[in-house]
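Student: Model the structure of this input:
(2 chains)
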2 protein chains.
Amino acid sequence: MKCGLVAADGAVLHRETRPTPREAGGRPILDALLETVVELGQKATADGHRVRAVGVVVPGIIDAATGTVSAENLAWVSTPVLAELKAAIGEDRPIVLAHDVRAGGYAELRQGALTGTTNSLFLPLGTGIAAAMVIDGSLVSGDGYAGELGHTRFIHGDAAEQCACGQWGCLETVASAAALARRYGARTGRTVDGAREVLELLAAGDPDAAQVWDDALTVLVDALVLYTTLVAPTRIAIGGGLVGAGETLLQPLRDGIHARLTFQREPEIVAAVLGEEAGCLGAAQMAWDRVAADESGEQTV
Amino acid sequence: MKCGLVAADGAVLHRETRPTPREAGGRPILDALLETVVELGQKATADGHRVRAVGVVVPGIIDAATGTVSAENLAWVSTPVLAELKAAIGEDRPIVLAHDVRAGGYAELRQGALTGTTNSLFLPLGTGIAAAMVIDGSLVSGDGYAGELGHTRFIHGDAAEQCACGQWGCLETVASAAALARRYGARTGRTVDGAREVLELLAAGDPDAAQVWDDALTVLVDALVLYTTLVAPTRIAIGGGLVGAGETLLQPLRDGIHARLTFQREPEIVAAVLGEEAGCLGAAQMAWDRVAADESGEQTV
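Tutor: Numbering: from 1, shown residues only, chains lettered A, B, ... in the order given. This is a model prediction of the structure:
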């Protein structure tokens, strides 16, 4: 868990990272989250600050109507995260409960690679793939359900593998950092240390690494062409671990998209700039925006 | 061209249909549009009404920054429609220049099948296919470029045909009304009187009609699953000529989507209710909304 205390002007006063008790799953993860929020509040007070609002970001589906979260990799099923946060923090401060990728996109929009755009996309390629969509000037939430570009089908026929989500041929099964490592392993019988090692092998001229990389680029181009046709972003910021590949990733995406588009508006393809801290900064930004809007109570994004 | 005079309360005071000089193309079509707008204004005045605003809807890409329109089937290429409308009508009344399908979606949202929704989709299946997207309570424009679901790729490999847009395997090449008639003709060597006749043949048990219909349903399910995953609508209203097939169209779409979704929120699939008049009613609604907002000048949607 990446967390911090952030001042109204965006200055990060304190940063810390805490382990997520993933193996314990479900309730222990929620308890760890609540404990973290409470203890950070205590630290802020001890340091002479006043906590004005709390922003918490999580992965999964955040149902806007109920404030519950379903997230497979946290073993949460309609878990009442917002209600538990309110019980732990009290009613007197605004709480924003947001999706980690949407919060990251919000940070990129406000202070990062998407600054100044009104139609844009933040697409982190990490363990999984989800998207933060900025449309007509607003970050889209879809009642908590929008942006699951990683779970749209881009692989067809026999080549399609089943995704963790239950569907077949999802973008995420080929183009996520996890998929790169898994597919390289399946192809070669060798175990690699994540996508990072696949990228090293790629740079060293390994043909199997080149093939899994090529497969990923192909479906990423498909996905970006589709998104461009449907939503017309002017800029797409790629984030997550894979963007460490830099132009090795970005230039083929630009070339592939350029070759495919006909009547559509061609988006810029850039690297996201806030890195792993994007979600945390976005959470703080959303919380401060709530203070500025002078709204009390809670909100999901 | 479908046109009308619409009162503030939505009452349609006058309706008329005028021919579009399609064969003449380009400038003559624009002239016919301008003449229609001016003459309708004269009629309104002669009937004792005061024209408060003008709404014009067209197909194609309406560039929000310039007010120009590019529409292949009108032979318009960056045609300055908004500037010409201003010159013809004068500066003292608001002008809304909107996309025909988005205007239709707006009418369905305000007074039709999408009433009460905040995340929904209007998808008319006519000669072509475009979508009006309602996201987080607003009709999406994407600077005029959004909603081209008909030009996303759902047919892969050798089965993909080239679309009028220049891309390959677009939804529109299989699932539009025009595609149904064309594909039935290509399959059988017979010329049919549009999708209407294909639907009659389907009802009569014709196996070729069943096959092209089945192909259309397959890609429509693909498209609606994709849209649901990315944008999470609660309701999808299908319009256009094909919705004349009623439950023959809607029930297989519902079944197909239900079978494919895993974690996503399942949308209702309903028929649009405003028919061919949707675009015209939407244009009037948008124009009156501009009057209510007390904004002068022009706007594109």
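Student: need the residues of chain A near chain B, please.
Tutor: Residues of chain A lying near chain B by Cβ under 8 Å from any Cβ of the partner chain: A:61, A:70, A:118-119, A:131, A:133, A:135-136, A:138, A:140-143, A:145-149, A:151-153, A:156-157, A:165-167, A:222, A:225-227, A:229-232, A:234, A:260, A:262-265. C-beta here means a position set from N, CA and C on the backbone, and glycine is covered the same way.
Student: If you go by neighbour count, which of those residues are buried?
Tutor: Among those, those that count as buried by neighbour count (16 or more other Cβ atoms under 10 Å in any protein chain shown) are A:61, A:70, A:118-119, A:131, A:133, A:135-136, A:140-143, A:145-149, A:151-153, A:165, A:167, A:222, A:225-227, A:229-232, A:234, A:260, A:263-265.
Student: middle-most residue in chain A, spatially?
Tutor: Nearest residue to the geometric centre of chain A (Cα atoms, centre = their mean): A:Val101, 2.6 Å.
Student: and the nearest residue to A:Leu85 once chain neighbours are set aside, what does it touch?
Tutor: Spatially, and ignoring its direct neighbours in sequence, A:Leu85 is nearest to A:Ile95 (5.3 Å; Cβ to Cβ, 6 or more residues apart in numbering or on different chains). Contact partners of A:Ile95, counting by Cβ atoms under 8 Å, 6 or more residues apart in numbering or on different chains, are A:53-56, A:82, A:85-86, A:89, A:287, A:297-299.
Student: List phi and psi for A:Ile95.
Tutor: As for A:Ile95, its main-chain torsions (degrees, to the nearest 10) stand at phi -120, psi 130.
Student: Next one: it relative to A:Leu30, how far apart?
Tutor: In this structure, A:Ile95 lies at 15 Å from A:Leu30, with Cβ to Cβ, to the nearest Å as the measure.
Student: Please list all residues in contact with A:Leu125.
Tutor: By Cβ under 8 Å, 6+ apart, the contact set of A:Leu125 is A:175-177, A:220, A:238-243.
Student: how many neighbours does A:Glu91 have?
Tutor: By the other Cβ atoms under 10 Å in any protein chain shown criterion, the neighbourhood of A:Glu91 contains 11 residues.
Student: Tabulate the contacts of A:Leu125 (JSON lines), appending pLDDT, secondary structure and neighbour count.
Tutor: What follows is those, written out as JSON lines (pLDDT from 0 to 100; DSSP: H, G, I helix; E, B strand; the rest coil; neighbours: other Cβ atoms under 10 Å in any protein chain shown):
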{"residue": "A:Ala175", "pLDDT": "98", "secondary structure": "helix", "neighbour count": "28"}
{"residue": "A:Ser176", "pLDDT": "97", "secondary structure": "coil", "neighbour count": "26"}
{"residue": "A:Ala177", "pLDDT": "96", "secondary structure": "helix", "neighbour count": "24"}
{"residue": "A:Leu220", "pLDDT": "98", "secondary structure": "helix", "neighbour count": "24"}
{"residue": "A:Ile238", "pLDDT": "98", "secondary structure": "strand", "neighbour count": "22"}
{"residue": "A:Gly239", "pLDDT": "97", "secondary structure": "strand", "neighbour count": "25"}
{"residue": "A:Gly240", "pLDDT": "95", "secondary structure": "coil", "neighbour count": "24"}
{"residue": "A:Gly241", "pLDDT": "91", "secondary structure": "helix", "neighbour count": "20"}
{"residue": "A:Leu242", "pLDDT": "94", "secondary structure": "helix", "neighbour count": "26"}
{"residue": "A:Val243", "pLDDT": "94", "secondary structure": "helix", "neighbour count": "21"}
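Student: hmm, back to that, quick one: which of the residues of chain A next to chain B sit in strands?
Tutor: Secondary structure assignment by DSSP state E places A:61, A:70, A:133, A:135, A:138 of the residues of chain A next to chain B in strands.
Student: which among the residues you listed gets closest to chain B?
Tutor: Within those, proximity to chain B (Cβ to the nearest Cβ) peaks at A:Ile135, which comes in at 5.5 Å.
Student: Quickly list what that closest one is bridged to.
Tutor: For A:Ile135, the beta-bridge partners under DSSP bridges are A:Ser138.
Student: Report the contact partners of it.
Tutor: Contacts of A:Ile135 (Cβ under 8 Å, 6+ apart): A:119, A:231, B:135, B:140, B:142, B:146.
Student: 10 Å - rerun?
Tutor: For A:Ile135, the contacting residues are A:118-121, A:146, A:231-233, B:133, B:135-136, B:138, B:140-142, B:146, B:231, by Cβ atoms under 10 Å, 6 or more residues apart in numbering or on different chains.
Student: picking that back up, now do the same for the residue nearest to the centre of chain A: its pLDDT.
Tutor: Per-residue confidence at A:Val101 stands at 97 (pLDDT).
Student: quick one: A:Pro110 from chain B, how far?
Tutor: In this structure residue A:110 is Arg, not Pro. When Cβ to the nearest Cβ, to the nearest Å is applied, the distance between A:Arg110 and chain B equals 18 Å.
Student: so how far is A:Val231 from that residue?
Tutor: Applying Cβ to Cβ, one obtains 20 Å for the distance of A:Arg110 from A:Val231.
Student: which stretches of chain A form helices?
Tutor: A:26-46, A:81-89, A:100-111, A:172-175, A:177-188, A:194-203, A:207-231, A:247-260, A:278-292 (DSSP state H).
Student: Pipe those helices into CSV and attach distance to A:Thr127 per row.
Tutor: Formatted as CSV, the helices of chain A follow (distance: least, Cβ to Cβ, whole Å):
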stretch, distance to A:Thr127
helix A:26-46, 16
helix A:81-89, 20
helix A:100-111, 11
helix A:172-175, 9
helix A:177-188, 5
helix A:194-203, 9
helix A:207-231, 14
helix A:247-260, 17
helix A:278-292, 13
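Student: now for these, which one comes closest to B:Arg18?
Tutor: Closest approach to B:Arg18 among the helices of chain A is made by helix A:207-231 (32.0 Å; Cβ to Cβ).
Student: got a list of what the residue nearest to A:Gly241 when sequence neighbours are not counted touches?
Tutor: Once flanking residues are discounted, A:Gly241 sits nearest to A:Ala177: 4.4 Å by Cβ to Cβ, 6+ apart. Under the criterion of Cβ under 10 Å, 6+ apart, the contact partners of A:Ala177 comprise A:124-129, A:194-196, A:198-199, A:216, A:240-244.
Student: repeat that for 6 Å
Tutor: With contacts defined as Cβ atoms under 6 Å, 6 or more residues apart in numbering or on different chains, the neighbours of A:Ala177 are A:126-127, A:195, A:241-242.
Student: How about A:Ala181?
Tutor: With contacts defined as Cβ under 6 Å, 6+ apart, A:Ala181 is in contact with A:192, A:194-195, A:198.
Student: And stretch A:287-294, what's buried?
Tutor: A:287-290.
Student: nope, stretch A:260-276 is what I was after
Tutor: Buried residues in stretch A:260-276, counted by 16+ other Cβ under 10 Å: A:260-261, A:263-265, A:267, A:269-275.
Student: pLDDT for those - can I get that in TSV?
Tutor: Supplementary listing: the buried residues of stretch A:260-276 in TSV, determined by pLDDT from 0 to 100:
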residue	pLDDT
A:Arg260	97
A:Leu261	98
A:Phe263	93
A:Gln264	95
A:Arg265	95
A:Pro267	98
A:Ile269	98
A:Val270	98
A:Ala271	98
A:Ala272	98
A:Val273	97
A:Leu274	96
A:Gly275	94
